[in-house]
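> Show me how the following folds:
(chains A, B and C)
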Amino acid sequence: MSSATVEFSPWTDPDTTPLISFEGVTKRFGNFTAIDNINLNIYPREFFALLGPSGCGKTTLMRMLGGFEEATEGTITIDGQDMAGIPANKRAVNMMFQSYALFPHLTVADNIAFGLHRSPMPKSEIQGRVDEMLRLVQLQKFAKRKPHQISGGQRQRVALARALAKAPKLLLLDEPLGALDKKLRQETQFELMDIQETTGTTFVIVTHDQEEAMTVASRIAVMDNGLLKQVDTPDRIYETPNSVYVADFIGDVNIVTGTATTVDGDATQLTWAEGVAPIKGMTGAQVTQGEPASFVIRPEKVSINKSEPEASNKVQGQVLDIAYLGNMSTYHVELPNGQIIKSQTANNRRIARRDITWEDTVWLSWTETAGIVLRD
Amino acid sequence: MRRLLIAIPYIWLLLLFLVPFGIVLKISLSDYALSIPPYTPQLDLSTGWQGFAEFWSQLDMENYWFLTDDDLYWKAYLSSLQIAALSTFFTLLVGFPIAYGMANAPEHWRPTLMLLIILPFWTSFLIRVYAWIGILSNEGFLNQFLLAIGLISAPIKILNTDIAVYIGITYTYLPFMVLPIYATLEKLDGSLLEAAEDLGCTRLQAFWAVTVPLSKPGVIAGCFLVFIPALGEFVIPSLLGGSDTLMIGKVLWEEFFSNRDWPVASAVAIILLLILVIPIILFQRNEQKQREAGN
Amino acid sequence: MRRMTSFNVVSLTLGFAFLYIPMLILIIYSFNESKLVTVWAGFSIKWYGELLQNEAFLDAAWVTVKVGFFSSTIATVLGTMAAFVLVRSGRFFGRTLFSGMIYAPLVMPEVITGLSLLLLFISLSVDRGVFTIVLAHATFSMCYVSVVVSSRMATFDQSLEEAAYDLGCTGWDAFKSVTLPIIAPAVISGWLLAFTLSLDDLVIASFTAGPSSTTLPIKIFSSVRLGVSPEINALSTIIIGLVTVGVIVASITSKRALVRRQQETV
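Just a heads-up that it's a prediction; the model follows:
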């Protein structure tokens, strides 16, 4: 899977025409600006995730694609066509609703056929298409059931089949897995990816679950307050966030604030406390020498040792807390100035064999390229 | 303690609901007589078992045969059914758009709109019927208005016709229709309509494909809530209807108070109940189904 | 996706006009000088004066209020008990019959209820009067009260009662200090409903009333049969006014109570 996504990168090729493009799109509700001057291209066959906390504008952005909201300013084009004034029922875009919005009075098969009956497809072909969709989501046995007679996971698949039945150019998924429990959600994520690949449809998914976005998406747009904070592949969003906000939103992170003292190409040093060596890290976006900046580093990139290690970045501290998660443990280490740094290590030894415990004095260390210095 | 709690309302209802009902049944099997009370046989418990046996042997279905013989009665039943059914239909016609408008109104208006629908229900039924006498009479406001705008050239007779009864029932029972429909429409998930539009429906198509079928339980409940009481209605036909407006409630009243024929009045009541059993059972089923769907 | 389209505005306007214009006409013409109720002849409150001097109406009003008060109070006690039995008593002998007897009066035509009670009173040789109307009204109103109260009881968390037992309450104690305060709003609205039903009832009262116990609806009905009269308009205006004030006060109080509850839970 991952090798396929690496090769698939139309956004790096200037010759590809995007399927969707937002140009200077703004959406206001009264005085409230939900979407603030957004420019974004989404390419054919992408699995694109809009990620952000609730109220960040991701749902509004998607509803504008579906035709449920009109942009206040700017243009949205899908497949080269300006979408202004085109109602939802005239768009080659279908949506999978957060609540699934399955029609409770219709059977599973009739739900899937609903859109087909309102399309140019001849009546005689509808049954075949419905069967095909039922096979795709493996619900052949449940065709005659009503939505309330099937499980949550099955309902989710009916909603997907219904939205895909009309073979839309673009499928919008609004928190599609939010109602499922964790285990089912993980299974379904892979199913979604398979279906996306088989049908070759462009998917735009809205989610607040970063793990979900990381798993399914070819690219992620992190949003906050109506703005796009970063649009990038999952690994780049995680490894090289362009702002403290993105770093903090995605996954667990240590943040050390200070001043960028020397900026030398890719390497930057951050002075963060008196009497300690500056932290050496990668130069992040828009860092300038002498300005306040933050060093961010993922806990799994911080090593923890009882004896002093050989490393370019090392600090000493005291173990405050240990969170045992089974496969790994997170150590909360308090530095002399009160700063707390988290270090995460895989538990590849049994618990009794590990030697670090509460109140131990330990050394934390990391390499020069493990963390990144970002402008505040 | 628990026994007492059950016993008190139980005995009350037995004495004041079930026993009276048994008496009606008994009298419906008795014969009319010029006496006080005006029926025979009378059960005389002092004569013991023999008296009871004799009493029992004198009960018969004669009044029911009488009801089938005289076409006044079955015409009255048919006409009641017709008036109740048509009024229910008109109430639906008026009530659905109101309920729909309420369900689509901004959320902060809805409690006020609800209050406005319920308010007339708390004011006297009699007064609400009475209000229409002044409107529908020959010199009434409706005729004045229609004459003034030149739609008619002479007053038309509306009061004391079946039309006035339809208007009266529609008016007084409107809240019973609006509230259950509003309840189903208000619960309707807005994303279902969006989904319908997303799948290619126009707004009107989405209304027919989604809103109408999903409001069916409310519509059915509303129709029964209007139809059942309208069938036995007495006040509206006697105040707004004409002398030829036949409704079984009115017939029963007159049989009892004017003709003093208690046995026939009782038989009329029993048959009315038998007719009502069907819609009541259907109504119960609808409610049951809705509860199950809700779970 | 709620949309307030012009269709909705029009249907609401027409609907509420249909509901309220008849009553407005009634109110306006109660201030009419003329005896002719459909011709406006200037403003006057003389019909209110005449109404207040009409002994028959005042007597009837007093009977009605008495009947309403006593019957709704009895109905509230019995109806609350019945609701308790329906929701909390589990299975007992004759339960189906019991719930049948609670729900049947709700759909029973008034003419039949009235007729059957009258025949009962006659066969027991009870003299008809205020007492018999109270019995009749209490019987059918208790069913409404029990429906209102039981729907509230069905939704409240039974573990609250269990907690009360757990903390040492006896049955009555738990009812008094936990259940009753929680169902109190429903009990009050049940009482109001019973009171209104009693004030409103013509048919059952006509059957069960005696010659000396004419209620207001009976009085209004007999005079309305003779046609529209400005005095009745005045009386209607007073009743509509009282009910409107009552309903608005009740809804504001219950809304406040709701807001307070929400604030407490936050």
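
> what's the helix or strand for residue B:186?
helix B:162-187 (DSSP states H and E).

> Could you confirm whether that helix reaches chain C?
Yes. Judged by CB under 8 Å from any CB of the partner chain, helix B:162-187 comes into contact with chain C through B:171, B:174, B:178. Bear in mind the C-beta positions are built from the backbone N, C-alpha and C, glycine included.

> What is that helix packed up against?
Here helix B:162-187 touches helix B:71-104, helix B:110-122, helix B:125-136, helix B:216-231, helix B:235-240, helix C:6-29, going by 3 or more CB pairs under 8 Å, 6 or more residues apart in numbering or on different chains; DSSP states H and E.

> buried sites along the first one?
Within helix B:71-104, the residues that count as buried by 16 or more other CB atoms under 10 Å in any protein chain shown are B:73, B:76-77, B:79-81, B:83-84, B:86-88, B:90-92, B:94-104.

> shouldn't residue A:257 be in contact with residue A:279?
No. The pair residue A:257 / residue A:279 is not scored as a contact, 10.9 Å apart, by CB atoms under 8 Å.

> Now do the shared contacts for those two.
Residues touching both residue A:257 and residue A:279 (CB atoms under 8 Å, 6 or more residues apart in numbering or on different chains): A:272, A:295.

> which of those two has more neighbours?
residue A:279 (23 against 13; other CB atoms under 10 Å in any protein chain shown).

> Which residues does that one form beta bridges with?
residue A:270 (DSSP bridges).

> For it, give me its contacts.
Going by CB under 8 Å, 6+ apart, the list of residues near residue A:279 reads A:256, A:258, A:269-270, A:272, A:295, A:313, A:371, A:373.

> In chain A, mark out all the helices, start to finish.
A:2-7, A:58-66, A:108-117, A:123-136, A:152-165, A:182-199, A:210-216, A:234-239, A:244-249 (DSSP state H).

> From chain A, how far off is the residue nearest the centre of chain B?
In chain B, the residue lying closest to the centroid (CA atoms, centre = their mean) is residue B:229, at 1.6 Å. Distance, residue B:229 to chain A, using CB to the nearest CB, to the nearest Å: 29 Å.

> Pull up the residues of chain A that are close to chain B.
Going by CB under 8 Å from any CB, the residues of chain A near chain B are A:66-68, A:87-89, A:93-95, A:97-99, A:101, A:103-105, A:114-115, A:118-119, A:148, A:162-163, A:166.

> can you list the residues of chain A near chain C?
Looking at chain C, the residues of chain A close enough under CB under 8 Å from any CB are residue A:68.

> Quick one: low-confidence residue ranges for chain A.
A:1-7, A:350-354 (pLDDT under 70).

> Show me how the record splits it into domains.
A:2-92+A:168-244, A:252-375 (automatic domain parsing).

> what's the most buried one of those domains?
The highest average neighbour count among the domains of chain A, using mean count of other CB atoms under 10 Å in any protein chain shown, belongs to domain A:2-92+A:168-244 at a mean of 18.

> Next, see if the longest helix seen in chain C gets close to chain B.
As assigned by DSSP H, the longest helix anywhere in chain C is helix C:230-265. Yes. Using CB under 8 Å from any CB, helix C:230-265 reaches chain B at C:232-233, C:236, C:239-240, C:243-244, C:246-248, C:251, C:255.

> quick one: residue A:244 and residue A:307, what's the gap?
Residue A:244 sits 33 Å away from residue A:307, going by CB to CB, to the nearest Å.

> swap that for residue A:176, sorry
49 Å.

> pretty sure the residue nearest to the centre of chain B is touching residue C:109, no?
Yes. With contact defined as CB under 8 Å, residue B:229 and residue C:109 form a contacting pair (7.1 Å).

> follow-up on the earlier one: closest to chain A among the residues of helix B:162-187 next to chain C?
residue B:178 (22.0 Å; CB to the nearest CB).

> burial count for that closest one?
By other CB under 10 Å, 29 other residues sit near residue B:178.

> For it, give me its contacts.
Per CB under 8 Å, 6+ apart, neighbours of residue B:178: B:95, B:98-99, B:102, B:117, B:222, C:15.

> Kindly reformat the residues you listed as a markdown table containing pLDDT and distance to chain A.
Below are those laid out as a markdown table (pLDDT from 0 to 100; distance: CB to the nearest CB, whole Å):
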| residue | pLDDT | distance to chain A |
| --- | --- | --- |
| B:95 | 96 | 21 |
| B:98 | 96 | 23 |
| B:99 | 96 | 18 |
| B:102 | 94 | 22 |
| B:117 | 92 | 26 |
| B:222 | 95 | 18 |
| C:15 | 94 | 26 |
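
> If you drop the residues flanking it in sequence, what lies closest to residue A:229?
residue A:222 (4.5 Å; CB to CB, 6 or more residues apart in numbering or on different chains).

> Tell me the spacing between that neighbour and chain C.
28 Å.

> Also residue A:345?
42 Å.

> same question, residue A:270
43 Å.

> Residue A:216 too?
28 Å.

> residue contacts, that residue?
So residue A:216 contacts A:47, A:49, A:189, A:192-193, A:196, A:205 (CB under 8 Å, 6+ apart).

> Please name the nearest non-neighbouring residue to the residue nearest the centre of chain A.
Geometric centre of chain A, nearest residue: residue A:213, 3.1 Å, by CA atoms, centre = their mean. Excluding the flanking residues, the one nearest residue A:213 by CB to CB, 6+ apart is residue A:49, at 3.9 Å.
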